[in-house]
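> After the sequence you'll find the predicted model.
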Amino acid sequence: MARIGLTGLGTMGAALALNMADRGHQVAVHNRTAARAHEFIEGAGPLAERLTAAEDFKALAAALDRPRAVILMVPAGAPVDQTIEALLPHLDKGDLIIDAGNADFNETRRREAALAVQGVDFIGMGVSGGEEGARHGPSIMVGGPAESYEPIRDIIESIAATYQDSPCAAHLGPDGAGHFVKTVHNGIEYADMQLIAETYGILRAGGQTPAHIGELFEEWNRGPLHSYLIEISGRALQTADPDTGEPMVDVILDRAGQKGTGRWTLIEALKLGQSATTIEAAVAARSWSSMKEVRVAAEEILPGAADALHPVLDTDLECALLAARIIAYGQGFSLMQAASDHFEWSLDLARVAEIWRAGCIIRSALLDDIAKEVRDGLPHGLLILAPYFAKALGDHVPALRRVVSAAVSAGLPVPALAAALGYHDTMRRGRGTTDLIQAQRDFFGRHGFERVDREGSFSADWN
Ligand code: NDP
């Protein structure tokens, strides 16, 4: 008999199943296209003895110890509901379904409530690290009833990445907390990728070759920017296309896809009255990237007037990227805090930072500092005001200003770097320009305003 089942042997599901088998667990596997389950086990080598293929959900249920635990690793949305619907008749009260794919946390909340009525437990579990992480140690963000997680905790912790011997897996809160945190993780991932790409764009405009920029990123990866995304960017930039001998990046079409987690982050941020502008800029940049034909045509129609790019120091770019990265993380952490307050999750944000230190796509040197600062308590709830980060921003924002100025003057798009700077500069002013916004609102709609010198609500006679 198997301790755990898994359905959905795609990229992530197959890697997770192998990881569990590798850690000594017996796993029953199922796939919508049943032949794939058999092929999977045939290709599993010595791990095959810990894997059992189930033709259908009846066989999967029969292969599992009770109470049963079944991991779903299928695409978000309708496939998850369809899989639950087909699996449910073969489960009993007290069994557990774990959705380990990316999911809109609102759907996770709905599913948990609907399954609870039937006596079946449900856990929404975010898994980060791509295929390699899933196979050898991802970062795992668990949400749902703590008591439902307990029976599988040892399995999940055994397959997770470790940071200084501590597993990068944690139960973060009830219902959708795990999927929400995974969504924001991906939002930060969007922002960080875009910030790196914009920095690369400035270096390219300055005449540097991809290979040289790759070497520079390698060097940066040995400093405070140390992170998986800088590492793989450096490696990608130093890769040549085997067919043409050209740099690989030069033969790749500049059009990126997105599956929804970046967008979900923004939707939830807006619903919670939050700002995640660095993430928003990154999501926008991906959307604009998909308008390839329009951009090619617009090159002729909107030639614009731009100066030649002023030389930008590599050290300025390194500092600018670090400052913008801190701000992007800060916006993500503010969003998680707002959700935690709103949904009463009591999220331990220091623990979130800790389980992101290894295994996940945004793992970076910064996360250890974030974990320490969050544990010490954030002034006014903002990461950018924590002593360590306030000092780092004081040191590095001047470089961010120089980089954004140079790019803007030269007509180079830097929406995420500029968004990070805009947020920083808005937050550092005790008095902004919303006095005029309030005047405008009162002018056209009699919305009223507060005064600086008296309590109460006022309206002016504008005519
Ligand atoms: P794949 O496309 O590689 O695999 C999808 C799997 O889901 C296949 O086993 C497929 O079965 C099955 N499936 C698809 N549609 C249905 C359906 N309607 N009913 C039942 N089964 C279905 O996806 P991934 O492994 O990349 O992604 C799985 C989940 O993991 C997604 O939620 C994704 O967002 C998430 N994720 C992916 C990461 C990645 O790097 N790829 C990283 C982190 C999370 P069949 O063989 O029959 O087509």
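Sure thing, it's come through. Computed from a predicted structure; not experimentally measured.

> any idea how far Phe122 is from the residue nearest the centre of the chain?
Residue closest to the average C-alpha location in the chain (C-alpha atoms, centre = their mean): Asn186, at 1.3 Å. To Phe122, Asn186 is 21 Å away according to C-beta to C-beta, to the nearest Å. C-beta here means a position set from N, CA and C on the backbone, and glycine is covered the same way.

> cool, Glu450 as well?
In terms of C-beta to C-beta, Glu450 sits 46 Å off from Phe122.

> Glu293 now?
For Glu293, the distance to Phe122 - C-beta to C-beta - is 44 Å.

> out of those two, which sits in the more crowded spot?
Counted by other C-beta atoms under 10 Å, Glu293 and Phe122 do not tie: Phe122 has more neighbours, with 25 against 9.

> Which secondary structure state is assigned to that one?
strand (DSSP: H, G, I helix; E, B strand; the rest coil).

> isn't it right up against Asp99?
Yes: applying C-beta atoms under 8 Å, one finds Phe122 in contact with Asp99, separated by 7.3 Å.

> which neighbours do these two share?
108, 111 (C-beta atoms under 8 Å, 6 or more residues apart in numbering).

> Next to the ligand, which bits of the stretch 251-400 of the chain? Give me the list.
Taking C-beta under 6 Å from any ligand atom as the contact definition, the stretch 251-400 of the chain meets the ligand at Lys259.

> my guess is Leu6 is in a strand, correct?
Yes: looking at Leu6 with three-state DSSP, it is inside a strand.

> For the ligand, see how far away it is.
Note on Leu6: its distance to the ligand, by C-beta to the nearest ligand atom, to the nearest Å, is 10 Å.

> Quick check: that residue vs Gly24, distance?
16 Å.

> Also Ser158?
8 Å.

> for Glu344, same thing?
Where Gly24 is concerned, Glu344 sits at a distance of 38 Å (C-beta to C-beta).

> what does Leu225 give?
37 Å.

> Ala269 now?
Distance from Ala269 to Gly24, by C-beta to C-beta: 41 Å.

> which one of those two has more residues nearby?
With neighbours defined as other C-beta under 10 Å, Ala269 and Gly24 compare such that Ala269 has more, 23 against 10.

> what about the spatially closest residue to that one that is not a sequence neighbour, how many neighbours?
Counting by C-beta to C-beta, 6 or more residues apart in numbering, Ala276 is the residue found nearest to Ala269 once chain neighbours are left out, at 4.2 Å. If you count neighbours by other C-beta under 10 Å, Ala276 ends up with 29.

> Please name the residues that touch Ala276.
187, 265-266, 269, 331-332, 334-335.

> Which ones among those lie within helices?
187, 265-266, 269, 331-332, 334-335 (DSSP state H).

> With pLDDT added, can I get those in JSON lines?
Formatted as JSON lines, the ones in helices among the contacts of Ala276 follow (pLDDT from 0 to 100):
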{"residue": "Gly187", "pLDDT": "97"}
{"residue": "Thr265", "pLDDT": "97"}
{"residue": "Leu266", "pLDDT": "97"}
{"residue": "Ala269", "pLDDT": "97"}
{"residue": "Gln331", "pLDDT": "98"}
{"residue": "Gly332", "pLDDT": "98"}
{"residue": "Ser334", "pLDDT": "97"}
{"residue": "Leu335", "pLDDT": "98"}
